[in-house]
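J.: Sequence plus the predicted model coming up.
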Amino acid sequence: MTDPLFDSPEEEIHFDLFNVKNVSVFIKRDDMIHPFISGNKWRKLKYNLIEAQFIEKKHLVTFGGPYSNHLLATACAAAKFGFKSTGIVRGEPVENQTLMICKLFGMKLQFVKRTDYRDKQLIFNSRFADDADAYFINEGGSGNDAIKGCSELISELKQTYDHIVCACGTGTTVAGLLQGIQLAQTYTMVHAISVLKNAAEIEIGLEKFTKNLCQVRLHSEYNFGGYAKTNFQLLSFIKDFAVSTGILLDPVYTGKMMFGLFDLIEKDYFLQGSKILAIHTGGLMGLLGMSKEFNAMDN
Ligand SMILES: *Cc1c(COP(=O)(O)O)cnc(C)c1O
């Protein structure tokens, strides 16, 4: 881990809407950190990997759904930093592009029924009791280590922003950003765009991890019906955005985040002159599972 991945760039994007509303919008390109150890998944893994290396564990065991960006990031990071890896996948055995690439990086896959999947520590204890090298990494990395990794994004920033906008699944990344802001002691406001119908849970989760809730706003009106749910409006937004900027977004996380940001700007949510940073949390391999949806748009 003495071989850090690089700080991702911040770049400004330009749309007529931003001129009309007199706001400037930048993107923190965490999608460029690495093609597979991407975005917030790298930040969330980092201190787990350092810990595993420190206590001389050689085998990473972690968990995820069949399209998990976290499994993919762990598979690649394991290969890059000299670990073996096992991915415990939720549900019946399947094949898809994400899992194919996980296997290319040498990850062994074990499928676990949804009902059994819930207790991850139990799965780990029963299946890897004999493996002294095995190191448990929770889905998405463990709480405090993951938050610490995500908080470091703030210290990389080249300027101070009035607002930071970020996609929010479990809320770990947002909790990390808040922690970073608290350390930096800026007035920045964090906007969490919830991609699931779990706003209440996130609120409880954030309370657990941060003390400055007055610097966060949760936006739950951009989940498009729930996790991985999409519609034509979202897909065509993603397509137009890609055409105008050369930047890809995925329909599960960053597409909803950016759609929400545009809508908030449209509705004059931000003061004139605001400087806004959108976090590109990466995870673009998720697009591979969406080829049917995007191809259907051409008809
Ligand atoms: C996992 C993921 C998220 C959600 O992160 P949380 O810390 O769970 O809120 C956001 N964006 C992308 C691209 C992801 O892969």
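T.: Done, it's in.
J.: Around the ligand, pick out the residues from the stretch 101-250 of the chain.
T.: G140, A167, C168, G169, T170, G171, T172, T173 (CB under 6 Å from any ligand atom). Any C-beta I mention is one placed from the backbone N, CA and C, and that applies to glycine too.
J.: Show me these that map onto helices.
T.: T172, T173 (DSSP state H).
J.: The residues of the stretch 101-250 of the chain next to the ligand: which two are farthest apart?
T.: Longest distance between any two of these is 13.1 Å, between G140 and A167; criterion CB to CB.
J.: neighbour-wise, which of those two wins?
T.: Taking other CB atoms under 10 Å, G140 and A167 do not tie; A167 has more neighbours (28 against 24).
J.: Contacts only, for the more buried one.
T.: By CB atoms under 8 Å, 6 or more residues apart in numbering, the residues touching A167 are T173, A192, I193, V195, Y253, T254, K256, M257, I279, T281.
J.: Residue of the protein closest to the ligand, please.
T.: G283 (2.8 Å; CB to the nearest ligand atom).
J.: Now the closest residue to that residue other than its chain neighbours, what are its backbone angles?
T.: Using CB to CB, 6 or more residues apart in numbering and skipping the chain neighbours, the partner closest in space to G283 is N69 (4.1 Å). When read as degrees, to the nearest 10, the backbone of N69 gives phi -70, psi -30.
J.: And the pLDDT at N69?
T.: For N69, the model assigns a pLDDT of 94.
J.: Could I get the contacting residues of it?
T.: S38, G39, K41, T98, G282, G283, M285, G286.
J.: now N212
T.: Going by CB under 8 Å, 6+ apart, N212 touches L178, I181, Q182.
J.: mind checking which helix or strand of this structure has the lowest mean pLDDT?
T.: helix 199-209 (a mean of 79; mean pLDDT, DSSP states H and E).
J.: And the average pLDDT for the helix or strand that it is followed by is what?
T.: Going down the chain from helix 199-209, the next helix or strand is strand 216-219, by DSSP states H and E. The pLDDT scores in strand 216-219 average 94.
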